[in-house]
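Sequence first, then the predicted structure:
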Amino acid sequence: MLRKSLLLLLTVCSFQLLSAQENALKSFPKGSTPKEIGKQLAYHFINGRHELYDRSIHYAEVCTWNGALDYALEVNDKKLIKHLQDKFEPLFTHEKALLPPMNHVDYNMFGSLALKLYQITKDERYKEMGLAYADTQWEVPANAKAEQKAWADKGYSWQTRLWIDDMYMITVVQGEAYKVTGDKKYLDRAAKEMVLYLDELQRPNGLFYHAPDVPYYWARGDGWMAVGMPNLLRMMPEDHKDRPRIMEGYLKMMKSLKDYQQPSGMWNQLIDEPTFWAETSGTAMFTYAFIIGVQEGWLDATEYAPAAHKAWLAMIPYIDERNNVTEVCIGTGKKNDKQHYLNRPRNPGDLHGQAPYLWCAAALLSNK
């Protein structure tokens, strides 16, 4: 009788512990709830000017726009959705010159925004624009270089270059095209590309160098990988041939990230350098990857939910009184010099940081 009672008590305690860990992603103190933070950052984005790169919309703005839309959908904020549509509308007319050209991996990912807006509005203009960006990522231009043609001949995007952020930039637009059309070619493109990048860039510890010739684990660079994998995995059917390889890479990375999370809850500018400064964009990306993994049942909730909860609370104080995320490393090219990463400037309100904060807010508000 005593043994049965003890077993029952252990079962109840285990269930309560698991429930508490899962609830870690639902319970936050006032002032730090994902609904509050998401609203602050999304409405702040609406009033901001376009962030341009070579006179066209920067990919960081696209990422933030997508995040604001995800948040608006989760809270059913129709006013916010309308504002985000209105911000896009001039790009069909007098701001058309700001549309990124369809000739570079960072530019073509703009199509993900148009395709997301199509899913919300069913306005064919968005679909036509978005699919053009998705398709030209595989349509080799006449002036393509020999290396670009060689990638295409192997079935990859001609825009392939094995840079650390491409795993996100390529897969995000192909993934949204798949959602819109149901055409498996888009999913297969994204998956094939993802496997290539995993095979070429992932290190034995699960993390990624900034580049093969730059042996540093730069937080935001690894962040693109951390976000790209779960986003693609969520779309993939269980029997897709590339799913096991991508899941393997994702789980391997998550384990390493958990080991490198700082006591504060943050991750540093170089992930494995405990004396470097805490960097917000990478932290938010890793937090997002943990949240999705717990929600999908890929990660152990008893381990990763508290880690994500701790990270989210650590991220909040980095939002200043103007609703700008601070301590965001600016855009950073590769350099085989550790001091280069330590000395990178940090810009308040840099959209590289605003975007993943919104992704986290939207993910935490999900009903999963």
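Ah, there it is. Residues are numbered from 1 along each chain as shown.

which residues are contacting stretch 197-211?
When contacts are defined by CB atoms under 8 Å, 6 or more residues apart in numbering, stretch 197-211 is touched by residues 162-164, 166-167, 212, 215-218, 221-222, 225, 245-246, 249, 252-257, 271-272, 334. Heads up, the C-betas are built off the backbone N, CA and C, glycines and all.

what about 7 Å?
Contact partners of stretch 197-211, identified using CB atoms under 7 Å, 6 or more residues apart in numbering, comprise 162-164, 166-167, 215-218, 221-222, 225, 245-246, 249, 252-253, 255-256, 271, 334.

With stretch 49-66 instead?
45, 84, 98-101, 106-107, 109-110, 112-113, 116, 169, 351-352, 354-355, 358.

which parts of that stretch are buried?
Neighbour counts using 16 or more other CB atoms under 10 Å place 51, 56-66 of stretch 49-66 among the buried residues.

and what of stretch 34-41?
Within stretch 34-41, the residues scored as buried using 16+ other CB under 10 Å are 34, 37-41.

same thing with stretch 133-143?
Under the neighbour-count criterion of 16+ other CB under 10 Å, stretch 133-143 has 133-138 buried.

Please apply the same query to stretch 84-99.
For stretch 84-99, burial by neighbour count (16+ other CB under 10 Å) applies to 84, 87-88, 91, 99.

if you look at these, which of them are in helices?
When the buried residues of stretch 84-99 are checked against helices (DSSP state H), the matches are 84, 87-88.

Not including adjacent chain positions, what is the nearest residue to the spatially most central residue of the chain?
The residue lying closest to the centre of the chain (CA atoms, centre = their mean) is Val227, at 3.7 Å. When the adjacent residues along the chain are set aside, Val227 lies closest to Met285, with 5.1 Å between them (CB to CB, 6 or more residues apart in numbering).

Strands of this structure, start to end?
Secondary structure of the chain (DSSP state E): strands at 52-53, 56-57.

pretty sure Trp138 contacts Ser157?
Yes. Checked against CB atoms under 7 Å, the pair Trp138 and Ser157 is within contact range at 5.7 Å.

Count the residues that sit near the residue nearest to Arg189 when sequence neighbours are not counted.
Ranked by CB to CB, 6+ apart and with sequence neighbours excluded, the top spatial neighbour of Arg189 is Gln174, at 4.9 Å. In terms of burial, Gln174 registers 31 neighbours under the definition other CB atoms under 10 Å.

How about Asn343?
When counting by other CB under 10 Å, one arrives at 9 neighbours for Asn343.

how close does it get to Trp158?
The gap separating Asn343 from Trp158 is 35 Å, by CB to CB, to the nearest Å.

coming back round to it: just to check, the residue nearest to the centre of the chain is in contact with Ala284?
No. Here Val227 lies out of contact with Ala284, judged by CB under 7 Å, at a distance of 9.3 Å.
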